[in-house]
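Student: could you look at this predicted model? Sequence included:
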Amino acid sequence: MDDFKAKKEEGGMSMGKKKMKTNRSAAKRFRVTRKGKVMREHAYAWHKTGKKRRSVLRRLKRKGQVSAAEKNRVLKLLGMK
């Protein structure tokens, strides 16, 4: 036990705040712009496209913005909050 205390005092073992890992699945799905907006892809854009109107497909291809209610949760997953 004394060895543990000695290492802690020397700075050999860090007992402070741990660094949070980025959630990798969230990192692949969301992007944060320079102004702080969180952007996302639209759902229903890539499967069964033959029965969807062309205008709908064009709209779904564009990036969407994450709602204000979900923004804090997404930023926490990305390690930015």
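Tutor: Happy to help now that I have it.
Student: residues contacting Glu28?
Tutor: No Glu there; residue 28 is Lys. If a contact means CB atoms under 8 Å, 6 or more residues apart in numbering, then Lys28 has no contacts. Where you see a C-beta, it was placed from the backbone N, CA and C, and this is true even at glycine.
Student: that's a helix at it, yeah?
Tutor: Yes - counting by DSSP: H, G, I helix; E, B strand; the rest coil, Lys28 is part of a helix.
Student: just say helix, strand or coil for Val74.
Tutor: At Val74 the chain is in helix, as set by three-state DSSP.
Student: what's it in contact with, if anything?
Tutor: Val74 touches 26, 30, 38, 66, counting by CB under 8 Å, 6+ apart.
Student: pretty sure the second one sits against Val66.
Tutor: Yes - at 6.8 Å, Phe30 and Val66 qualify as touching, with contact defined as CB atoms under 8 Å.
Student: who touches both of these two?
Tutor: 38-40, 74.
Student: pLDDT weak spots in the protein?
Tutor: Scanning the chain with the threshold set as pLDDT under 70 gives 1-15.
Student: try 50 this time
Tutor: The model of the chain has no residue with pLDDT under 50.
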